[in-house]
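>>> A structural model of the following input is requested.
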Amino acid sequence: MSEPREVRSFCRVCEPACGLVARVEHGELVALRPDRAHPVTRGFACDKGIAGVDVHRDPDRLDHPLRRSGRGFERASWDDAIADVAARARAIVDRDGPEAVAWYMGNPTAFNTLAGPAAGAFFAQLQASARTRARSEPQASEAHRTCRAFSSGTQDCANKFAGSEAVFGSSTVHPIPDLDHTDLLLVIGANPRVSHASFLSIADPIEKLRAAKRRGAQIWFVNPRRVESVAPSTGEWLPIRPDTDAYFLAALLCELERSGGFDEAALAAHGKHVEGLRAVVRRYPPERVAGVTGVPAERVRALAAAWRDAARAGGASVHMSTGANMGRQGTLAYWLVHMLSFATGQLDRRGGNVLSVGFYKSAKAGRRDFAESFADSEFGRVRRGALPGNLLPHYIGEAERPVRALFVVAGNPVLSIGGEAKLRAALEQLELLVCVDLYRNATGEYAHWLLPAADMYERADVNVTGLGLQHEPWVQWTDAVVPPRGERREEWWIFGKLAQACGLRSPFDAGPAPDLWGRIDHMLRTRGTSLEAVRAAPHGVRFADGKQPGAFYAEHLQTPDRKVDCCPDAFAGAFARCDAIFAGLEAEGAARLKLITRREPSMHNSWYANLPAMKRGGRDRNRLWAHPADLAARGLADGAKARLWNEHGALEVEVAADDGLVRGVVALAHGWGHARAPGMRVAQAAPGVNPNALLPVGPDSFEPLSSQAFMTGIPVEMAPLG
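Numbering: from 1, shown residues only. Purely as a prediction, here's the structure:
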């Protein structure tokens, strides 16, 4: 018997990558605890991170390949799985072209250094080989020679990549608040106490906010709900109606410009199309937008004055997250966030918003001409790259050249995108559905093949996800804590074997144990270190110069003329749409009931749905939260059953009173709806309801600038059940 041992690793549930210590007994992972010696995450870890051991040991995990048969799912060998999937995928490409093959990458692949590149390389080669064979077919357009890519990113953050690309010339440039020095912080659509901070990688954000408050910083949370992050020690609540963040930000900028809060020297030196910015924000003065946003004009003027004072002192900063991303104008909102920072002189300065540079200067990697990043499709003009997830059922069931084979990697689109019923019907039409995952989830129930993936403690990794977003830039290596259980395999292995079976280039061409980390080593060497050095350091390598202001405009700004684009030409159509949406909001008034999502400490998307420990204490279902007055007005009381519906679908749900919600707003957590997922027995026993059944789907259900799905501020009706 081997002696018990402890292994330092890190969590890969969300961006901070909190340091953990894994306990291994008899070759098995038995426990995780926070790494109190970690110099960056300092002993912080949330319940979700610690529960990773339960995911690893879950008896419902996929431990060997499963093939669909007339009798359900049957165990198969990896050799049979690889051979059959490769043969069927290749046959579909040969018959219908590479556009008949699609792939969907779920959120966990962003926290897996090797998975995304491996899948991308496989599908790039699959389409390239088809292009070679199709050169004798001049009638086949370039669009018909590309595997169709989909990503969960179009559900939560695609607007940020588009917004930064348009303004800074690179999708990987996202300046973060300098929390250690700022005098004022505006937090829009985020709840860091529950879900940390997306696009701001920090292990214990609440402690950072408390420290800022102790220094005297002013902090406001702009949100339709008084989120758990609001407290005397962390910041105040600024209520707002959902899906109106762009108008609030425009009004704030309008008031700042009127009152002399713009840094004209910075605009002249580093900006272009400045007059276009002025023209847009002047259309939305505080008095005009107050009726739509619910934020009184005097509150906007007071905030503008506070911002102006902080900007002239220690600095003012802003952070925006998924609550605003998911609205109908997430890209415009993020553009205005950048403008709030840049136009007032708070970009690239101490106490303002600064670019974090970690183990690789990534700005050039995301460089692209925003105006050239769109293409026409039969469902309208779409952004190149990952297609809108809300069009996945349409590409399967309604496209002129439909998707015949779909690979889903670490995702559950049946529950994570709009139009659940439509997608379920579409999946039944596929000739081949392959799911690479930890579980047989709701999407996997439709699969022809289920391929078991290794979890985060069964593979080596580096914390690549936070690159360019870390409040304290650092990089850490982890070995696999334990070998994969059963026949679980890493994604790079799966796609490498599929490539080999398809006659394409494969990592295994170099032998059975290929070197997979050359790219990461090259990146590290550009910053004066190496993979060898990182592997030798128990807690990785920190970069003391990673958050120093002063180099942004000369080194990191990627527009061809090195100017911040304050009003991109490609936004012209979005501005007209912005005016039309505003008119619609004015016409409907404040009485219209709107649905927003709600984060929960025990869930991360649908990751933890199958863990008994996460279902205790009333956490066995997702309730619909509403203001007590809104419940009373509809004859409902706390704990009652209600029907929630709109033109897209209907749900039966238990209601709960929350006086921290803006009147006219109801909140329902996502990641639920597992009634038809027998492969996840705990989740199926406490399934909850899927709010995405009420979301729009199709060509008008996403923001044209970014393909970001419309997922908040959804009009609904609510009434007693029965």
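
>>> mind listing the helices for the stretch 601-722 of the chain?
For the stretch 601-722 of the chain, the helices defined by DSSP state H, counting those that start in this stretch cover 628-633, 681-685.

>>> how far off centre is the first one?
Just to be clear, that refers to helix 628-633. 33 Å (Cα atoms, centre = their mean, to the nearest Å).

>>> same question for stretch 87-94.
The answer for stretch 87-94 is 32 Å, by Cα atoms, centre = their mean.

>>> report how many residues lie close to residue 461.
Number of residues near residue 461 (other Cβ atoms under 10 Å) recorded here: 24. Every residue, glycine included, has its C-beta placed from N, CA and C.

>>> check whether it really touches residue 112, as I assumed.
Yes. Taking contacts as Cβ atoms under 8 Å, residue 461 lies within contact range of residue 112: 6.9 Å.

>>> and the helices of the stretch 601-722 of the chain: which comes nearest residue 580?
helix 628-633 (27.5 Å; Cβ to Cβ).

>>> for that closest one, could you pull out the residues that count as buried?
Buried residues in helix 628-633, counted by 16 or more other Cβ atoms under 10 Å: 628, 630, 631.

>>> likewise for stretch 420-432?
Neighbour counts over stretch 420-432 (16+ other Cβ under 10 Å) mark 420, 422, 423, 424, 426, 427, 430, 431, 432 as buried.

>>> just stretch 397-406 next, same as before
397, 399, 402, 403, 404, 405, 406.

>>> also stretch 511-523?
Residues of stretch 511-523 classed as buried: 516, 517, 520, 523 (neighbour count, 16+ other Cβ under 10 Å).

>>> mind checking the pLDDT average for the strand ranked longest in the chain?
Determined from DSSP state E, the single longest strand within the chain is strand 649-657. Throughout strand 649-657, pLDDT has a mean value of 98.

>>> check which helices and strands it is in contact with.
strand 624-626, helix 628-633, strand 641-646 (3 or more Cβ pairs under 8 Å, 6 or more residues apart in numbering; DSSP states H and E).

>>> indicate each strand paired with it and its parallel or antiparallel sense.
Using DSSP bridges, the strands paired with strand 649-657 are strand 624-626 (parallel), strand 641-646 (antiparallel).

>>> pull the distance from the lowest-mean-pLDDT helix or strand in the chain to the chain's centre.
Within the chain, no helix or strand scores below helix 115-133, which has a mean of 87 by mean pLDDT, DSSP states H and E. Helix 115-133 sits 24 Å away from the centroid of its parent chain (Cα atoms, centre = their mean).

>>> tell me the buried residues in that helix?
For helix 115-133, burial by neighbour count (16+ other Cβ under 10 Å) applies to 115-119, 121-123, 125-127, 129-131.

>>> next structured bit after that helix?
For helix 115-133, the following helix or strand on the C-terminal side (DSSP states H and E) is strand 148-151.

>>> got the CA positions of that following strand in CSV?
Output of strand 148-151 as CSV, limited to C-alpha atoms (Å, rounded to 0.1, in the frame of the first residue of the first chain):
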residue,chain,number,x,y,z
ARG,A,148,-19.3,24.9,-38.1
ALA,A,149,-18.1,25.9,-34.7
PHE,A,150,-20.3,26.7,-31.7
SER,A,151,-19.4,27.7,-28.2
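
>>> which SSE is immediately downstream of that strand?
As assigned by DSSP H and E, the chain's next helix or strand after strand 148-151 is helix 153-156.

>>> what's the closest of the strands paired with strand 649-657 to residue 38?
strand 624-626 (35.4 Å).

>>> average pLDDT across the closest one?
98.

>>> do the same with stretch 32-43
Per-residue scores along stretch 32-43 average to 98.

>>> buried ones in it?
For stretch 32-43, by 16+ other Cβ under 10 Å, it's 32, 34, 35, 38, 40, 41, 42.

>>> which helices and strands does the strand or helix carrying the first one pack with?
This points to residue 32. In this assignment (DSSP H and E), residue 32 forms part of strand 28-34. The contact analysis (3+ Cβ pairs under 8 Å, 6+ apart) places strand 28-34 against strand 19-25, helix 47-50, helix 52-57.

>>> got the contact list for that strand?
Strand 28-34 is contacted by residues 18-24, 41, 43-45, 49-50, 52-53, 56-57, 457, 481-482 when judged by Cβ atoms under 8 Å, 6 or more residues apart in numbering.

>>> go again with 6 Å.
20-23, 43, 45, 50, 52-53, 56, 457, 481-482 (Cβ atoms under 6 Å, 6 or more residues apart in numbering).

>>> now restrict the residues you listed to buried residues only.
Here, 16+ other Cβ under 10 Å leaves 20, 21, 22, 23, 45, 50, 52, 53, 56, 457, 481, 482 buried among the contacts of strand 28-34.

>>> now for those residues: which two are most distant?
45 and 482 (18.8 Å).

>>> sorry, back to before: between the helices and strands packed on strand 28-34, which one is closest to residue 712.
The nearest among those, by Cβ to Cβ, is helix 47-50 at 22.3 Å.

>>> pop out the phi and psi values for the nearest residue to residue 187 once chain neighbours are set aside.
Once flanking residues are discounted, residue 187 sits nearest to residue 221: 4.9 Å by Cβ to Cβ, 6 or more residues apart in numbering. Dihedral pair for residue 221: phi -110, psi 110, per degrees, to the nearest 10.

>>> give me the number of residues near residue 221?
28.

>>> can you show me the strands along the stretch 201-350 of the chain?
Listed in chain order, the strands of the stretch 201-350 of the chain (DSSP state E, counting those that start in this stretch) span 218-223, 236-239, 271-272, 316-320.

>>> export those strands to TSV and tack on mean pLDDT and distance to residue 475?
Output for the strands of the stretch 201-350 of the chain, formatted as TSV (pLDDT from 0 to 100; distance: least, Cβ to Cβ, whole Å):
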stretch	mean pLDDT	distance to residue 475
strand 218-223	99	29
strand 236-239	99	36
strand 271-272	99	33
strand 316-320	99	23
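
>>> could I get these as TSV with distance to residue 375?
Below are the strands of the stretch 201-350 of the chain laid out as TSV (distance: least, Cβ to Cβ, whole Å):
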stretch	distance to residue 375
strand 218-223	35
strand 236-239	39
strand 271-272	26
strand 316-320	28
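
>>> so which of those gets nearest residue 654?
Taking Cβ to Cβ, strand 218-223 is the member of these nearest to residue 654, at 23.3 Å.

>>> next, the buried residues of the closest one.
Using 16+ other Cβ under 10 Å as the test for burial, strand 218-223 gives 218, 219, 220, 221, 222, 223.

>>> turn the residues you listed into JSON lines, columns for distance to residue 547.
Shown next, in JSON lines, are these (distance: Cβ to Cβ, whole Å):
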{"residue": "218", "distance to residue 547": "22"}
{"residue": "219", "distance to residue 547": "19"}
{"residue": "220", "distance to residue 547": "23"}
{"residue": "221", "distance to residue 547": "23"}
{"residue": "222", "distance to residue 547": "24"}
{"residue": "223", "distance to residue 547": "27"}
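
>>> just want the angle from the helix or strand that contains residue 492 to helix 115-133.
Residue 492 is part of helix 491-501 when elements are defined by DSSP H and E. With axes from the mean of the first three to the mean of the last three Cα atoms, to 10 degrees as the basis, helix 491-501 and helix 115-133 are set at 20 degrees to each other.

>>> may I have helix 491-501 as CSV, with CA atoms only?
The C-alpha trace of helix 491-501 is given here as CSV (Å, rounded to 0.1, in the frame of the first residue of the first chain):
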residue,chain,number,x,y,z
GLU,A,491,-9.5,15.5,-24.8
TRP,A,492,-6.2,15.9,-26.6
TRP,A,493,-5.9,12.1,-26.6
ILE,A,494,-9.4,11.6,-27.9
PHE,A,495,-9.0,14.1,-30.8
GLY,A,496,-5.4,12.9,-31.5
LYS,A,497,-6.7,9.3,-31.9
LEU,A,498,-9.6,10.5,-34.1
ALA,A,499,-7.2,12.4,-36.3
GLN,A,500,-5.0,9.4,-36.6
ALA,A,501,-8.0,7.2,-37.6
